[in-house]
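Chemist: A structural model of the following input is requested.
(chains A and B)
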Amino acid sequence: MKSLLLIPVIATMLVGGVYLMADDDHYEKGNIKQRAAQLPVSPQQQSYIKECSSCHMAYQAEFLPKRTWAKMMNGLDDHFGVDASLTAKDEKILFDYLQKNAADSKRVGKHFAKMAASAGDTSLRISDTRYFKKEHRKIPQKYIDQKEVKSIANCNACHQKAESGDYRERGISIPNYGRWDD
Amino acid sequence: MKNLLLALFCAASLSAASPEVTQYIETLQSKAALADPAFEGFDAKRGEAVFTSEHLGKKGKTIACTSCHTVNLASKGENYFTGKVIEPLAPSANSLRLTSAKEVEKWLRRNFNDVYNREGTAKEKGDVLIYIMTK
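Modeler: Numbering: from 1, shown residues only, chains lettered A, B, ... in the order given. Prediction:
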């Protein structure tokens, strides 16, 4: 019986696991990713993905700490200069989803954790975190400015599997450049 | 007789929208009539002007609805700021358009704010919806 009770716990950990962009070698072991991919996406996560990805990739909640998401969700009517407001009911669903899945709410992969831990208190942008900047510092500006990429915030322009939370180097292909080896 | 023809015309043009969106357009109609007693119904030509005219938007840049949706509503568009692909707006090209009143309300609220830097009036919203329905 006790082991039965553990199933939801393990399932939750696995769902988290799909978003862990854990280090490359770690990632290869076992088929955690495969199993996690079979778990259904919760209705809350579905809402989150649907609403955010109307305009941009739905960045994984694990990228930022709770306080940053809270601030972001409290200003959706001026979301980086754009009106991204929702009904109060939908904003609450997304707010709760983000609080529950933020980097400081559960165990997350070490790269997510570093990103969130290096988030400042003023900027809401993932691309303004110290760790993000460090990881992207060698990318020539011309590859970011080109029309296929447009912005450093456009993760999946280069990280081909970004939408599934996989940011490993092997998944990188920069338009008009190709594979990126650091 | 004139009224009957008008009703038939409305029914035909409204078929590009779902019953709930048609109902939403009717509420806009009541509001527009309330705001202006001389209001005679929505107009696709005015809607086209709402859709294609340029304005100083919320971000301080001059944009129009067409900046993202393009002038051909049956083709895909692209978010002016993020580059994300936007599915066609024309119901003839995208059967999901104008099916949910909630979605329609959400996008009209947001996009008027983004392009006009203010909320749209009932008349402007109705006109632009009628315009989209002809596409």
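Chemist: how much space between A:C55 and chain B?
Modeler: Between A:C55 and chain B the distance is 6 Å, computed by Cβ to the nearest Cβ, to the nearest Å. For glycine as for every other residue, the C-beta is placed from the backbone atoms N, C-alpha and C.
Chemist: where are the low-confidence patches of chain B?
Modeler: When the per-residue scores of chain B are filtered using pLDDT under 70, the ranges that remain are B:1-15.
Chemist: Repeat the analysis, applying 50 as the threshold.
Modeler: Residues of chain B that meet the criterion pLDDT under 50 lie in B:1, B:5, B:8.
Chemist: Would you mind listing what in it touches chain A?
Modeler: The interface of chain B toward chain A, taken as Cβ under 8 Å from any Cβ of the partner chain, is made up of B:58-60, B:79, B:81-84, B:102, B:106, B:109-111, B:113-114.
Chemist: where in chain A is pLDDT low?
Modeler: Across chain A, the stretches falling below the confidence threshold (pLDDT under 50) are A:1-2, A:13-32, A:34-35.
Chemist: Contact distance from chain B - what residues of it qualify?
Modeler: Taking Cβ under 8 Å from any Cβ as the test, the list of chain A residues beside chain B reads A:53-57, A:77-78, A:81-87, A:147, A:149-151, A:153-154, A:157.
Chemist: which among those residues end up buried?
Modeler: Burial of the residues of chain A next to chain B was assessed by neighbour count (16 or more other Cβ atoms under 10 Å in any protein chain shown); the buried members are A:54-57, A:82-86, A:149-150, A:153-154, A:157.
Chemist: Now distance to B:D127 and secondary structure too, for these, in CSV please.
Modeler: Supplementary listing: these in CSV, determined by distance: Cβ to Cβ, whole Å; DSSP: H, G, I helix; E, B strand; the rest coil:
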residue, distance to B:D127, secondary structure
A:S54, 24, coil
A:C55, 25, coil
A:H56, 29, coil
A:M57, 33, coil
A:V82, 23, strand
A:D83, 20, coil
A:A84, 25, coil
A:S85, 23, coil
A:L86, 25, coil
A:V149, 37, coil
A:K150, 32, coil
A:A153, 34, coil
A:N154, 34, coil
A:A157, 36, helix
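Chemist: which stretches of chain B form helices?
Modeler: Chain-ordered helices for chain B, with DSSP state H as the definition, fall at B:2-14, B:19-35, B:44-52, B:66-69, B:101-116, B:122-133.
Chemist: what separates the shortest one from the chain centre, distance-wise?
Modeler: The chain centroid and the centroid of helix B:66-69 are separated by 13 Å under Cα atoms, centre = their mean, to the nearest Å.
Chemist: Also the longest one?
Modeler: Taking Cα atoms, centre = their mean, one finds helix B:19-35 lying 12 Å from the centre of the chain it belongs to.
Chemist: Then stretch B:120-135?
Modeler: In terms of Cα atoms, centre = their mean, the centre of stretch B:120-135 is set 3 Å apart from its chain centre.
Chemist: go on, stretch A:41-52?
Modeler: The chain centre lies 13 Å from the centre of stretch A:41-52; the measure is Cα atoms, centre = their mean.
Chemist: Check which residues of it are buried.
Modeler: By 16+ other Cβ under 10 Å, the buried positions in stretch A:41-52 come out as A:Q45, A:Y48, A:E51.
Chemist: residue ranges of the helices in chain A, please?
Modeler: A:2-19, A:24-28, A:32-38, A:43-52, A:66-73, A:88-101, A:110-117, A:130-136, A:141-145.
Chemist: Quick check: A:D181 touching A:I174?
Modeler: No. In this structure, A:D181 sits apart from A:I174 without contact. The criterion is Cβ atoms under 8 Å, and the distance is 11.1 Å.
Chemist: can you count the residues close to A:A102?
Modeler: If you count neighbours by other Cβ atoms under 10 Å in any protein chain shown, A:A102 ends up with 22.
Chemist: quick one, what contacts it?
Modeler: A:A102 makes contact with A:A61, A:E62, A:L64, A:P65, A:K66, A:T68, A:W69, A:A116 under the criterion Cβ atoms under 8 Å, 6 or more residues apart in numbering or on different chains.
Chemist: Name the nearest residue to it, sequence neighbours excluded.
Modeler: In space, not counting the residues next to it along the chain, A:A102 is nearest to A:K66; the distance is 4.3 Å by Cβ to Cβ, 6 or more residues apart in numbering or on different chains.
Chemist: Touching stretch A:69-80 from outside, list them.
Modeler: When contacts are defined by Cβ under 8 Å, 6+ apart, stretch A:69-80 is touched by residues A:61, A:64, A:83-86, A:91, A:94-95, A:98-99, A:102, A:124-125, B:58, B:113.
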